[in-house]
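**Student:** Let me see the structure of the following:
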Amino acid sequence: MDEQAALSYKSGGAICLASAGARPCDAGHCLRRKTALNRPELPDELRRFILTSVPSVPYLEAVLLLRAQPGTPWTAAAMAQRIYLPEAEVRALLETACEVGLASRQQSGSTVAFGYKPGTPELTQLMDHLAAHYAADIVTVASLIHSRTDKRAEQFAGAFRWRKDS
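**Tutor:** Numbers count the residues shown, from 1 in each chain. A predicted model of the protein is given here:
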């Protein structure tokens with residue numbers, strides 16, 4: 001990080017993730033030092049994307065593995081070994097990533113492999129920013145993903161709650 005970027009960051013500015021932290025950034029999508037624990041604040045657009053498009057931490061881990069090696073096809077079995085989940089569950093995560101336009105599915109004989117292939121430049125950019133935020137502050141990103149599933153669990157449980165008016 002150069003002196004100008006360090007000074008900007010120390011004064012509450014942003015570090016541009018697109019330039020690997022080499023320059024200050026005011027674009028709104030980069031890391032900002034604003035939270036009480038010096039954790040980077042998630043931009044609203046990225047927060048919305050996580051809440052609407054990332055169903056679980058294992059899903060994010062699978063997509064980020066695809067992204068880390070964009071030219072490498074991954075089988076569900078190989079990915080299952082890397083993220084410590086059953087192969088069938090990983091296959092479902094990868095199929096979901098294909099359905100939403102983050103991955104592609106290739107079949108060669110009986111072997112099915114998946115690769116990173118975002119459908120739009122905007123989706124590519126969102127995933128780049130999400131990967132950077134996840135690497136910088138896994139707790140904040142994972143907590144946001146879990147808050148989404150916690151809310152759904154509360155709503156489901158609420159449907160079975162005994163009410164006086166029933």
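
**Student:** Not counting sequence-adjacent ones, nearest residue to residue 94?
**Tutor:** On the basis of C-beta to C-beta, 6 or more residues apart in numbering, the spatially nearest residue to residue 94 that is not a chain neighbour turns out to be residue 114, at 4.4 Å. C-beta here means a position set from N, CA and C on the backbone, and glycine is covered the same way.

**Student:** Name the residues linked to the one you found by a beta bridge.
**Tutor:** Beta-bridge partners recorded for residue 114 (DSSP bridges): residue 74, residue 105.

**Student:** where's it relative to residue 125, distance?
**Tutor:** For residue 114, the distance to residue 125 equals 21 Å [C-beta to C-beta, to the nearest Å].

**Student:** about what we covered before: contact partners for the residue nearest to residue 94?
**Tutor:** With contact taken as C-beta atoms under 8 Å, 6 or more residues apart in numbering, residue 114 is in contact with 66, 73-76, 79, 94, 97-98, 103-106.

**Student:** For this protein, just list every one of the helices.
**Tutor:** According to DSSP state H, the chain carries its helices in the segments 3-10, 44-53, 57-68, 76-83, 87-99, 121-136, 138-158.
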